[in-house]
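Chemist: Could you work out the structure for the sequence below:
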Amino acid sequence: ARIDVASAPVMGGESGIPAIPYCRSLSLLGERSAGTLYAADSDRYGGAVTVTVYPRPADDRARRRFEAAVETARRLGAHPNLVTIHASGHTDGDGRPYVVSDGHDRTTAAGVLATSGVLGVDSVLPIGVALAGALETGHRAGLVHGGVAPGLVLLRADGQPVLTEIGLYEFARPQGASAHLARWIPYHAPPEILEGTDVTAATDVYSLASVIYTLLVGQPPYAGTGVDDSTASLLLRILQMPMPPIERSDVPPGLEDVLRASLSHSPAKRPQHALELAWAMQEA
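Modeler: Residues are numbered from 1 along each chain as shown. The predicted model follows:
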């Protein structure tokens, strides 16, 4: 629901923390590129929520694009593996757009890897299938995520994954690819993202395969080994090196072939639909 900021109770307001209607106890949760995330509580929205604040749109056209993307993402939130969006609006003063979404238990796939290590195959494959279904739903609505990564995958207490930022990821980036890539090394991004060319459903297929590989191995397939790693060296590895093998005895036959095809540097050589990757994982 769109919030009428003028009539809604405003909670929060600590120095540097935005005041968001119907949300209280905001605390910094983290940053994604140019966006900022806050954990909060809300009686109106059922408890724990996440508030994502995005950079201010450059003009009215960009603002309308953001609002249209939020509306589409809100409708897609009916999917059980896509995050539910409760409200959106603009912060007082600087006019930055924000979105209030489900907080779940705020455990991400990246956090699980950091605290518990790699996941079992019996856990990874259902996560992969569920995320592929979520992405397929977005693709059929005309949206490409463009930034699927372990840090954007929430894991519920029952083990089900919830993908965040579909349709909104592009708005969390600084203006210009160089500004975006200078802040972090996007290990799960295919060449078309690194080179700033067109993205398609096959872009998300690549990134999802990279996430699945990471959950099984503990690091992205093309992660660097040196302290001076860069996006340029990452791109060279993707273009010149085969996917490193998964050295686990419990990986089903054929799964490595599925991931290797999905991680092709050429979009045309990957599965063209997320549903194809889901079927392949189910077969594995």
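Chemist: quick one: low-confidence parts of the stretch 51-200 of the chain?
Modeler: Scanning the stretch 51-200 of the chain for pLDDT under 70 picks out 104-106, 172-184.
Chemist: And the helices in it?
Modeler: Assignment of helices within the stretch 51-200 of the chain using DSSP state H, counting those that start in this stretch yields the ranges 60-76, 109-116, 121-140, 177-183, 191-194.
Chemist: Can you say which of those helices is nearest to residue 158?
Modeler: helix 121-140 (10.8 Å; CB to CB). In short, each C-beta sits where N, CA and C put it, glycine included.
Chemist: now the closest one, how far from the centre of its chain.
Modeler: 13 Å (CA atoms, centre = their mean, to the nearest Å).
Chemist: Not counting its own residues, what contacts it?
Modeler: Identification of contacts with helix 121-140 by CB atoms under 8 Å, 6 or more residues apart in numbering yields 76, 79, 81-82, 109, 119, 144-145, 148, 153, 155, 159-161, 163, 166-167, 201, 204-205, 208, 211-212, 215-216, 248, 250-252, 255, 273-275, 277-278, 281-282, 284.
Chemist: Which of the helices of the stretch 51-200 of the chain has the highest mean neighbour count?
Modeler: Most buried of the helices of the stretch 51-200 of the chain, by mean neighbour count (mean count of other CB atoms under 10 Å): helix 121-140, with a mean of 21.
Chemist: Neighbours of residue 147, how many?
Modeler: Neighbours of residue 147 under the rule other CB atoms under 10 Å: 26.
Chemist: mind listing what the closest residue in space to it that isn't next to it in sequence touches?
Modeler: Excluding the flanking residues, the one nearest residue 147 by CB to CB, 6 or more residues apart in numbering is residue 169, at 4.0 Å. With contact set as CB under 8 Å, 6+ apart, residue 169 has these partners: 145, 146, 147, 152.
Chemist: Can you give me the distance of the last one to residue 126?
Modeler: The one in question is residue 152. As defined by CB to CB, to the nearest Å, residue 152 lies at a distance of 18 Å from residue 126.
Chemist: What is the neighbour count of the closest residue to residue 154 other than its chain neighbours?
Modeler: Residue nearest to residue 154 in three dimensions, not counting chain neighbours: residue 162, with 4.2 Å by CB to CB, 6+ apart. By other CB under 10 Å, 23 other residues sit near residue 162.
Chemist: Identify the residues contacting the residue positioned nearest the centre of the chain.
Modeler: Nearest to the geometric centre of the chain sits residue 152, at 3.5 Å (CA atoms, centre = their mean). Going by CB under 8 Å, 6+ apart, residue 152 touches 32, 108, 163, 164, 165, 169.
Chemist: swap in residue 66?
Modeler: By CB under 8 Å, 6+ apart, the neighbours of residue 66 are 54, 57, 97, 168, 171.
Chemist: Also residue 202?
Modeler: Applying CB under 8 Å, 6+ apart, the residues near residue 202 are 190, 267, 268, 270, 271, 272.
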